[in-house]
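Student: return atomic coordinates for the entry below.
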Amino acid sequence: MEHSYITNIFVETVLNELYMKRGLHLAWVGDYSDLEEDLLEDKDPKLFESMIIARRSDRYSHPAEYHGSHRYYINHTKKEIIDLESYKTVNGFNDYFGDCYIHPIPLLTAIGNGKGGGDYSGVNVELVGIWATDEIEARDDLLPDYLDKYNDISTEIMFKE
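Tutor: Now for the predicted structure:
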């Protein structure tokens, strides 16, 4: 949970890569996760050629080029969209306490949640990890094709501790 909040530099840096590269497979690996047990088992090895494995490291400590939070997160694997503005509204966010709110992407793509004392155990814990290893893209706008073929789940996702 310590790196799952809106405006957290680690979170924003990983999400920036999704924006810059226009979509990658993503797994947000917890501190206590066993990669072989939690991630690699039953996966196609080719999947890892286009995957970000987000784990705290120097690689994500300082973004080379930072674009700020992006509005839309598109899951191309499941054909789903999260509009961060709608998500924030449903979850009761406000700008004054903006950095104290959970960003949905680290939890939706989490691997190994529940193995450590600081893991997420709040509202909708069953949704944690449902996007893990899926192809996800961050965008500031939506292409018309996405609106026709993808399901907007922004108001269905709620994470609160």
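Student: wait, a strand at residue 88?
Tutor: No - counting by DSSP: H, G, I helix; E, B strand; the rest coil, residue 88 is not part of a strand but helix.
Student: skipping adjacent residues, who's closest to it in space?
Tutor: Once flanking residues are discounted, residue 88 sits nearest to residue 101: 7.1 Å by Cβ to Cβ, 6 or more residues apart in numbering. From N, CA and C alone the C-beta is placed, and that goes for glycine too.
Student: show me the contacts for that neighbour.
Tutor: 5, 6, 88, 91, 93 (Cβ atoms under 8 Å, 6 or more residues apart in numbering).
Student: my read: the fourth one touches residue 158, true?
Tutor: Read that as residue 91. Yes - if you go by Cβ atoms under 8 Å, residue 91 and residue 158 touch, sitting 5.6 Å apart.
Student: where does residue 2 sit: helix, strand or coil?
Tutor: Three-state assignment for residue 2 (three-state DSSP): coil.
Student: these two touch, right, it and residue 119?
Tutor: No - in this structure residue 2 lies outside contact range of residue 119 using Cβ under 8 Å: 10.0 Å.
Student: neighbour count winner among those two?
Tutor: Neighbours were counted for residue 2 and for residue 119 using other Cβ atoms under 10 Å; residue 119 has more, 19 against 9.
Student: which helix or which strand is home to the more buried one?
Tutor: Under the criterion DSSP states H and E, no helix or strand holds residue 119.
Student: and it, what pLDDT?
Tutor: On pLDDT, residue 119 comes in at 82.
Student: just give the nearest non-adjacent residue to it, would you?
Tutor: residue 113 (4.9 Å).
Student: quickly note the distance from the one you found to residue 149.
Tutor: 30 Å (Cβ to Cβ, to the nearest Å).
Student: and those two? which has more neighbours close in?
Tutor: residue 113 (22 against 10).
Student: which parts of the protein are strands?
Tutor: Secondary structure of the chain by DSSP state E: the strands cover 24-29, 51-54, 72-75, 80-83, 110-111, 135-139, 151-152.
Student: mean pLDDT lowest where, among those strands?
Tutor: Averaging pLDDT over each of these puts strand 51-54 lowest, since it has a mean of 65.
Student: quick one: the lengthiest helix in the chain to strand 135-139, angle?
Tutor: Looking across the chain with DSSP state H, the single longest helix is helix 9-20. With axes from the mean of the first three to the mean of the last three Cα atoms, to 10 degrees applied, the angle from helix 9-20 to strand 135-139 works out at 90 degrees.
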